[in-house]
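[1] next one to model:
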Amino acid sequence: MSKLVLIRHGESQWNLENRFTGWVDVSLSPKGIEEAKAAGKKLAGFAFDRAFSSVLARANETLRIVLEVIGQTAIPIEKDKALNERMYGELQGLNKAETAKKYGDEQVKIWRRSYDVRPPGGESLKDTAERVLPYYDRLTREQVLELNIPTGAPLLYELDNHGTVLSHRYL
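    Numbering: from 1, shown residues only. As a prediction, the model looks like this:
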């Protein structure tokens, strides 16, 4: 049996400020640093062969902290922009509440949660899935819509030798 752990980056400064972040390279907030340390503590005892990360600073900062906490800083790390979070285009940097006031709650919900509607200049969830799914080709469209990992919360997947998911849970 194999194990795969997914961790969303710790809270970023723009998460704290309730801003659409997307591909803007924003650092972790102090809370995000603490979330990364806590995630590392939850992974104590795990031995990893390698790590994968987007190219965004907040993801790499989270990974660095987690690996330091578990004492595994020497494992190979593959960074790829295919693993970047969703590109929010013209919404990047805008406050989510102010954007909802300007365009309406329903429109913002459609931009954020609709599978195939793009925010202005950005990616739909479908676009994001098409970019990311080569790394996780067993996730269905429905699973992608439901995948909303909280910041700094390790999600453990247990896989059989064929890559079939046997179980998953937050640590």
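
[2] helix or strand right after the helix or strand of the chain with the lowest mean pLDDT?
    Sorted by mean pLDDT, DSSP states H and E, the helices and strands of the chain end with helix 141-146, the least confident at a mean of 56. Going down the chain from helix 141-146, the next helix or strand is strand 155-159, by DSSP states H and E.

[3] which other residues reach whichever helix or strand comes after that next one?
    Counting by DSSP H and E, the next helix or strand C-terminal to strand 155-159 is strand 165-170. Strand 165-170 is contacted from outside by 1, 138, 153, 154, 155, 156, 157, 158, 159, 160, using CB atoms under 8 Å, 6 or more residues apart in numbering. Every residue, glycine included, has its C-beta placed from N, CA and C.

[4] try it again with 6 Å
    Residues from elsewhere that reach strand 165-170 (CB atoms under 6 Å, 6 or more residues apart in numbering): 153, 155, 156, 157, 158, 159, 160.

[5] and the pLDDT for residue 140?
    In this model, residue 140 is scored at 52, pLDDT.

[6] can we start the residue count at 12 from this point?
    New numbering, starting at 12: the last item is residue 151.

[7] if we can go back for a sec, show the buried residues in the contacts of strand 176-181.
    164, 166, 167, 168, 170 (16 or more other CB atoms under 10 Å).

[8] got a list of what the second one touches?
    Just to be clear, that refers to residue 166. For residue 166, the contact set (CB under 6 Å, 6+ apart) comprises 17, 160, 181.

[9] for those, which single residue is the most surrounded?
    Of those, residue 17 is surrounded by the most neighbours, 15 neighbours in total, counting by other CB atoms under 10 Å.

[10] thanks again, I'm all set now.
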